[in-house]
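A.B. asks: show me how the following folds:
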Amino acid sequence: MPPIVARSSTVPFAPSNSPNDGDILTWDSTSNTYIWQASSQATVNGTAAVNEVPSGAMDGTNTVFVLSNTPISGTVMLFWNGQLQKPGVGNDYTIVGDTITMSDPPPGRCPTDVLLAWYLQEGQEQPVWTPVIKIADYSSKVWDEIYCDTTAIASFTVDMPLNPVLGDTVRIVNMTNSFAYNHLFIGRNGQRIMGLEQNLTVDINRSFALKFSDSSYGWVIY
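C.D. replies: So this is what the prediction gives:
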């Protein structure tokens, strides 16, 4: 989402904490202000709606406006003619699902009057990768990012997770560029790899990921 500049003097826009890389700005109803929050806590899918005009008549009477998508709770920023509106009961507006209800109807007297919404769309949760360094046999977990060092011993095996479902993924990182001479073995753990009922020998220097498809093709390399 692009940088956000507030023009309203009535909303406590300045966040009460400092951001870290990847944090997103969300509304906190407890402190009644905006806060920076880790994306892993906010369950974001990385898709932002910016400068969306909610549907609804701008006629001085209507107070109900509808967004194109359901936003993640706490991520909506609503601007009336550039002024950031304050959410919550007794404030400028409330929101339930994709529906915004304004406390007072926007007048809409001027053709340039505009209501704009910025928010993160609700959707599939982004996976949180777990980086691990391994120098010996290891039973992997879904969303592991495994940095493999096969220089410590001759070779070792990474077993794929049990009971995978469609889309489950494991990343293999050739940390020491040593797979060509000290091979890495991928144990299929009951599932196929690339459609074959056999374990995988990695004997070239490359990093890759395995994503589970179904029982016919199993783990596929991409």
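A.B. asks: what bridges to Ile186?
C.D. replies: With DSSP bridges applied, the residues forming beta bridges to Ile186 are Val158, Leu200.
A.B. asks: I figured it hits Leu196, correct?
C.D. replies: No: with contacts counted by C-beta atoms under 8 Å, Ile186 stays clear of Leu196, the gap being 11.4 Å. From N, CA and C alone the C-beta is placed, and that goes for glycine too.
A.B. asks: so which bits of stretch 154-161 are buried?
C.D. replies: Ser155, Phe156, Thr157, Val158, Asp159, Met160, Pro161 (16 or more other C-beta atoms under 10 Å).
A.B. asks: for this protein, what spans make up the helices?
C.D. replies: For the chain, the helices defined by DSSP state H occupy 39-42.
A.B. asks: point to the helix or strand of it where mean pLDDT is at its lowest.
C.D. replies: Lowest by mean pLDDT, DSSP states H and E among the helices and strands of the chain is helix 39-42, with a mean of 43.
A.B. asks: wait, Arg188 touches Thr201, no?
C.D. replies: No: taking contacts as C-beta under 8 Å, Arg188 lies outside contact range of Thr201: 11.7 Å.
A.B. asks: more crowded one of these two?
C.D. replies: Arg188 (18 against 13; other C-beta atoms under 10 Å).
A.B. asks: gap between the more buried one and Gln198?
C.D. replies: In this structure, Arg188 lies at 7 Å from Gln198, with C-beta to C-beta, to the nearest Å as the measure.
A.B. asks: do the same with Gly187
C.D. replies: 10 Å.
A.B. asks: neighbour count winner among those two?
C.D. replies: Neighbours of Gly187 and Gln198, each counted by other C-beta under 10 Å, are more numerous for Gly187; the result is 17 against 9.
A.B. asks: distance from the centroid: which residue in the chain tops it?
C.D. replies: The C-alpha centroid of the chain is most remote from Arg109, which lies 39.2 Å away (C-alpha atoms, centre = their mean).
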